[in-house]
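K.L.:
predicted model and sequence follow; I will ask about them next.
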Amino acid sequence: MVDYTYTLLIPLIPFVFFLLIGLTGHKMKPIISGLIGTVGLGIAAILSYLTAIRYFWTDHLAETGFKSIKAVEVTWLHLTDKLTINLGVLIDPISVMMLVVITTVSLMVHIYSLGYMKGERGFHRFFAFLSLFSFSMLGLVLATNIFQMYIFWELVGVSSFLLIGFYYQKPSAVAASKKAFIVTRFADLGFLIGILILSFNTGTFDFQLLTSPTGPAITMPGGAAFMGLSVLTWSLIFIFMGGAGKSAMFPLHIWLPDAMEGPTPVSALIHAATMVVAGVYLVARLFPVYALGAPDALNVVAWVGGISSLFAAVIACTQTDIKRVLAYSTMSQIGYMMLALGVSGYGGHDGLGFMAGNFHLFTHAMFKALLFLGAGAVIHAVHSNDMKDMGGLRKYLPITHITFLIACITIAGIPPLSGFFSKDEIMVAAWHHNKILFSIEFLVAGLTAFYMFRLYYSIFWGKATHYHHTPHEAPFVMTIPLMVLAFGSIFAGFLPFHALVTSDGMPFEAHIDWSIAIPSVLVGLVGIAIATMMYFKVSLLPDKMANNFGSFYKWAYHKFYMDEVYLFVTKKIIFRYISEPVAWFDRHVVDATMVGIATTTEKTSHLIKGMQSGRIQQYGYVFVTGAIALVLIFVYLW
Amino acid sequence: MNILSLFVLIPVLTIIAILFTSNMKQTRIVSAIGMGIQLIVAGILVYMYLAERNAGNTADMLFYYDAVWFPTLNIHYTIGVDGISVAMIALTAIVVFAGIFASWMVDFLYREFFISLILLASGVFGFFISLDIFTMFLFYEVAVIPMYLLIGIWGSGPKEYSAMKLTLMLMAGSALLFVAILGIYFYSAPAGGVLTFNLLEISKNTIPIEMQRFLFPFAFVGFGILGALFPFHTWSPDGHASAPTAVSMLHAGVLMKLGGYGAFRVAIYLMPEAAHEQAWIFIILTSISVVYGAFGAIAQKDLKYINAYSSVSHCGLVLFAILMMNQTAMNGAIIQMISHGLMTALFFALIGMIYGRTHTRLINEMGGLMKVIPFLGVVYVIAGLASLGLPGLSGFVAEMTIFVGAYQHTDTFHRVATIVATSSIVITAVYILRVVGILLLGPIKDDHYLHLTDAVWYEKLSTLTLLLSIAAIGMAPLWLSDMINFSLGPIIEKISGVTIAGLF
Amino acid sequence: MTGTIPLQYFLVISTLMFFIGIYGFLTRKNLITMLMSIELILNSVNINFVAFNKYLYPQNLQGHFFTLIIIAIAAAEAAVAIAIIINIYRNFRSIDVDNVNEMKF
């Protein structure tokens, strides 16, 4: 067995740097704390690349199929005889892939933030939180067991909360961070219940045991337990609920657009490339259990993914806040990944969807981080999020313009950029599984191209807005990450994913299926063409279109009123019709009963205290009357 | 001299020393030194305990000592500790130590204040080391009575009302408890022999089942009132709201744990058959406590009320887990007691410090305090995160152990109750974030707050002591969990050896 | 001589005295009058003792002894009571029983 113990350092370095910057950061110069964080992440990134190279190529593991390797494991807590929570490092194709994704994007975001956050209050705090997030996310992907994953899952959630609310004096940021935490927390409740059910029935948390085709989960006796689905299916659906919350799948997506209140590098790192794909990673991690043990649960995953991607793409076409467009685009793309996993089978070429989902995760991380960082550079230049305030920026921001364009072409799925390859594989997998899902994705591909180019033209072309200050290109520290990521977006598609990341660890042959690729490229081009017609020059076309769609446009513009529904449920129902009545009930019924007992006692004593008047004559009167009465009773009635 | 007797002796000596002090400075330094020594002794005790266990001593109770003090009724001063009591003693020592520093600035009748506070502490320590249920009860009363004075004299708001309410309700609990203790005493030797109050002796016999059925509710509700069992929890919000900072800390942090500990040590341990039969009633009540307390906390406006309701929820979880009567859940219950004790003490300390600056506890009147008092703000956020069960802090360990343990029951009733209880993690997040959002974040609400000063050294000492303990348990829970687990073994053996079919 | 007055006569007298005493004790507010009523009650008992002793157990003397004891106690009691009454009068300028309620509750 190959020794991978050193991988333990990958999550630990950011953690140590988090403590270092968090505890002593306010005493050092801001730039120093930023550099420390960046260097830490740099080391982690180098270690991750090393691990990837060793695991995929130099250690010659491919011949026997990629097996998962437990590099380190320690017991953290004993629960029952069988169940212990361990902390450790699990190395397998998807975790190594995620290592590369996280450390790359995180490093780029660190470098970028050195410029973007310059002069901000709380600079060191920002870098401390970034390190905390990187630690949690790395811990999450390296988890050896589902409980460790849950632990880091929560930590990721809290780092996201802290970073969204970074501008903590802005009420909208506070509200957004709160919303993000509570919505994902609600989803995590499902995750926890799923873990409870799964662990109780299998007697283990361990991924290797759970996903082993002969393990206790997959071989668990089926049979309907509740509403016609087996226990395993239920537990996996619950677990998926956690994943759907983190990955902003419909209907738990409402926190993601609001999360854009955070600084833009955070949106790039957490809400585009890494944390939001944790749900995808979770399903991929438990994929054998889903595929072999509970195909019904996998169907749920596919449909939720498909619906989310369409839903988000429609909304993205109508939003004017550039970060929100990107947020809905993220949601849509994650829907793709979920769908890819959902339509996949297990083993060999059947596992195409699995490979495609992970492939898309990889490429998406590159181009979406690029889009966000590019958007950040734009916001940095014009100090606004709204595309109405932009236009004609290509002259002022040449590097941002070019890299942004590359990312837009990539996401639209135009060959030979990376998005084309990964999206094509998903299309193929969907085609073989379910034609309805395929048609949804086909439509979404067109919509994606449309709204991305709508965004692109609105920012860089169109009307030449008059700016108060002449926008200027971002500094070097900010453009370098853009270029690196653009490079990644262009060439990531040529990685032989089908030979590396597969459902059963065995490489398989995959080709581009031109009968599906050509239509999907065409629909992308159509989308671009429509966007060019409407937004390349200032025209009345967009308004006319909006009017033609009428109420549908309005619905989409208001995000189908999902926020309002949630607000109604939380504010009205939970707060007004549960909490306040509970508080009232407690004060006026439960407490009043207790107080009532006391006051009754007091009243009674007031009532009977007159009997102890101290008047001997009264006593004597009562005494004599009583004596006479008793005598009469004894004499006459006995 | 037995190390355990020191836990009662040191407070008494401290009290005597305080009597000789002549000004505020001396009083608080003497108190701090006394409780500092206490904390060190507690640390030594933990170390000695672990050393003994590692050396292979498997007796149920270590450092056992026994002396008769009232032969007529066979009442003994019997002391001894197992892993559970050691953990509780350590918790108490930490909270009391932090409490002394949190009340550093008490200047009204300061001598009497510290005497009452330390007397209360000695009662709590005595309770945890006692193995004779009568002596235990005695110490329990020693702990409860000073509370009345502390709230009634040094409190705020409707303090007389709150003090009276709290004392009366706890006394009602004591009355129930006393019935149970006498009942247990008279049936402690059903086969003939000497009647005894000794826990270990009684546990060797079986109290007749008819008596158990009668006595168990007395014992459980008696302790349950102290542990804020629904619907007997209403002393808690009023009491905490009126109590001075250190008293709230001790009360929620330690005194409420007497309820959980007693319910477990006396009620369930001595009367397992009845416990199995009647558990379902109390599981329903405690499930209600957990969710109801959390919902109640959402709608509150006063910081202390929020925390008091949160305590109802968290302590409900303790009793809930105890009633699950399996090793994992009970282990979780003990960890939850410790975790909640530290967390809630930290919360009350912070609330006291914030109140001392802003002179209001209504969250609507505050806002944006993070900017002006960053230290307190950050600690408050961390405490909040611990309360909502963030991994790496103690709350998570406790809650997860409880949930996993409770879910190990195979029947539907227990599982549904467990899932109901788990839902509290979401509601907890809601009220914690609501408070953090309104209180600390957002724009600064009032210009008066701009010149507030951040924590000073004694406040930092107080909060950091608690914070570090929370983090230590949260990061490395294994030693604590194993220590408790070992001692739970024989107890679980006794209570699970019972084979009476429950209702479900 | 004894045959001429039946026992019932004594009992009727003593019963009347007893209830007159009770009535006086319960209705009078003046402490002296109350004390006098108590004397009436005691004397009614004395009459009973003597009468029963004479008619039922003429060979014994216990009844007479009891009567003597009661008379002695009544004398002592009257002395104490009057002393109290005088003190009350000094404090309250009144011996009306309704005014003496300072120690109530």
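P.N.:
Arrived safely. Residues are numbered from 1 along each chain as shown, chains lettered A, B, ... in the order given.
K.L.:
residues in contact with the residue of the stretch 101-250 of chain B found nearest chain A?
P.N.:
Nearest residue of the stretch 101-250 of chain B to chain A, counting by CB to the nearest CB: B:Thr234, 4.0 Å away. (Each C-beta comes from the backbone N, C-alpha and C, glycine too.) B:Thr234 sits next to A:Asp586, A:Val590, A:Asp591, A:Met594, B:Lys165, B:Met169 when contact means CB atoms under 8 Å, 6 or more residues apart in numbering or on different chains.
K.L.:
number of residues surrounding whatever residue of chain A ends up closest to chain C?
P.N.:
Residue of chain A nearest chain C, by CB to the nearest CB: A:Gly614 (4.1 Å). Number of residues near A:Gly614 (other CB atoms under 10 Å in any protein chain shown) recorded here: 12.
K.L.:
what are the buried residues along the top helix by length along chain C?
P.N.:
When chain C is scanned for its longest helix (criterion: DSSP state H), the result is helix C:62-92. Neighbour counts over helix C:62-92 (16 or more other CB atoms under 10 Å in any protein chain shown) mark C:Gly63, C:Phe66, C:Thr67, C:Ile70, C:Ala74, C:Ala81, C:Ile85, C:Ile88 as buried.
K.L.:
give me the mean pLDDT for it.
P.N.:
Helix C:62-92 shows a mean pLDDT of 91 in the predicted model.
K.L.:
so it, near chain A or not?
P.N.:
No - if you take CB under 8 Å from any CB of the partner chain as the test, helix C:62-92 misses chain A, and the best it gets is 12.1 Å.
K.L.:
element containing B:Gly352, please.
P.N.:
Taking DSSP states H and E as the definition, one finds B:Gly352 inside helix B:327-358.
K.L.:
and that helix, how far out from the chain middle?
P.N.:
Distance of helix B:327-358 from the chain centroid (CA atoms, centre = their mean, to the nearest Å) equals 8 Å.
K.L.:
report the distance from whichever helix or strand comes after it to the chain centre.
P.N.:
Per DSSP H and E, the first helix or strand lying C-terminal to helix B:327-358 is helix B:369-372. Its chain's C-alpha centre lies 31 Å from the corresponding centre of helix B:369-372 when counted by CA atoms, centre = their mean.
K.L.:
kindly report the same for stretch A:305-314.
P.N.:
That offset, for stretch A:305-314, works out to 16 Å (CA atoms, centre = their mean).
K.L.:
and the contacts of that stretch?
P.N.:
A:248-250, A:253, A:328-342, A:437, A:440-441, A:443-444, A:447-448, A:451, A:556, A:560.
K.L.:
residues touching the strand ranked longest in chain A, excluding its own?
P.N.:
Criterion DSSP state E: the longest strand present in chain A is strand A:69-78. For strand A:69-78, the external contacting residues (CB under 8 Å, 6+ apart) are A:1-5, A:7-8, A:84-92, A:144, A:148, A:208, B:397, B:400-401, B:477-478, B:481-482, B:485.
K.L.:
hmm, back to that, what's the ChimeraX line that selects buried ones from the contacts of stretch A:305-314?
P.N.:
Entered in ChimeraX, the line below selects the buried ones among those, by 16+ other CB under 10 Å:
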select /A:248,249,250,253,328,329,330,331,332,333,334,335,336,337,338,339,340,341,342,437,440,441,444,447,448,451,556,560
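K.L.:
neighbouring contacts of the helix or strand encompassing A:Pro265?
P.N.:
In the assignment (DSSP H and E), A:Pro265 maps to helix A:264-268. The contact list for helix A:264-268 (CB under 8 Å, 6+ apart) reads A:105, A:109, A:112-113, A:116-117, A:130, A:163-164, A:166, A:259-260, A:323, A:326-327, A:368-369, A:372-373, A:375-376, A:379-380.
K.L.:
now intersect those residues with the strands, please.
P.N.:
Of the contacts of helix A:264-268, none are assigned to strands by DSSP E.
K.L.:
let's see which of the residues you listed end up in helices.
P.N.:
Counting by DSSP H, the members of the contacts of helix A:264-268 that fall within helices are A:105, A:109, A:112-113, A:116, A:130, A:163-164, A:323, A:326-327, A:368-369, A:372-373, A:375-376, A:379-380.
K.L.:
and for A:Leu8, the neighbour number?
P.N.:
For A:Leu8, using other CB under 10 Å, the count is 17.
K.L.:
with the one 4 residues further on instead?
P.N.:
Using other CB under 10 Å, A:Leu12 is surrounded by 15 other residues.
K.L.:
is chain A within reach of the helix holding B:Gly352?
P.N.:
Yes - using CB under 8 Å from any CB, helix B:327-358 reaches chain A at B:Gln327, B:Thr328.
K.L.:
buried residues, that helix. List them.
P.N.:
Result for helix B:327-358 [16+ other CB under 10 Å]: buried residues B:327-355, B:357-358.
K.L.:
for stretch B:231-240, same thing?
P.N.:
Under 16+ other CB under 10 Å, the buried positions of stretch B:231-240 are B:Phe232, B:His233, B:Thr234, B:Trp235, B:Ser236, B:Pro237, B:Asp238, B:Gly239, B:His240.
K.L.:
any idea which element the second one lies in?
P.N.:
Spelled out, it's B:His233. Using DSSP H and E, no helix or strand contains B:His233.
K.L.:
tell me the pLDDT at the closest residue to B:Tyr110 other than its chain neighbours?
P.N.:
If the residues on either side of it in the chain are set aside, B:Tyr110 comes closest to B:Met24, at 4.9 Å by CB to CB, 6 or more residues apart in numbering or on different chains. At B:Met24, the model reports a pLDDT of 86.
K.L.:
got it, and A:Ile436?
P.N.:
Here the pLDDT value assigned to A:Ile436 is 85.
K.L.:
for A:Thr465, same thing?
P.N.:
On pLDDT, A:Thr465 comes in at 67.
K.L.:
low-confidence ranges, chain A, go.
P.N.:
Chain A contains residues with pLDDT under 70 at A:1-2, A:62, A:222-228, A:464-468, A:538-543, A:545-547, A:550, A:553, A:556, A:559-560.
K.L.:
how about the residues of it by chain C?
P.N.:
Counting by CB under 8 Å from any CB, the residues of chain A near chain C are A:Lys609, A:Gln612, A:Ser613, A:Gly614, A:Arg615, A:Ile616, A:Gln617, A:Gly620, A:Tyr621, A:Val624.
K.L.:
and the helix or strand in which the last one is found, which residues are buried?
P.N.:
Here A:Val624, judged by DSSP H and E, is contained in helix A:616-632. Neighbour-count burial for helix A:616-632 flags A:Gln617 (criterion: 16+ other CB under 10 Å).
K.L.:
which other helices and strands contact that helix?
P.N.:
Applying 3 or more CB pairs under 8 Å, 6 or more residues apart in numbering or on different chains; DSSP states H and E, one finds that helix A:616-632 makes contact with helix C:7-27.
K.L.:
and the next helix or strand past the helix it packs on?
P.N.:
As assigned by DSSP H and E, the chain's next helix or strand after helix C:7-27 is helix C:31-56.
K.L.:
and that following helix, what's buried?
P.N.:
Neighbour-count burial for helix C:31-56 flags C:31, C:34-35, C:37-53, C:55 (criterion: 16+ other CB under 10 Å).
K.L.:
using the three-state scheme, assign B:Tyr64.
P.N.:
The assignment at B:Tyr64 comes out as strand when based on DSSP: H, G, I helix; E, B strand; the rest coil.
K.L.:
now do the nearest residue to it once chain neighbours are set aside against B:Ala333, distance only.
P.N.:
Leaving aside its chain neighbours, B:Tyr64 sits nearest to B:Gly80 (4.0 Å; criterion: CB to CB, 6+ apart). Applying CB to CB, to the nearest Å, one obtains 21 Å for the distance of B:Gly80 from B:Ala333.
K.L.:
repeat that for A:Phe129.
P.N.:
34 Å.
K.L.:
likewise for A:Ile608?
P.N.:
45 Å.
K.L.:
just to revisit the earlier point, quick one, the longest helix of chain C and helix C:31-56 angle?
P.N.:
180 degrees (axes from the mean of the first three to the mean of the last three CA atoms, to 10 degrees).
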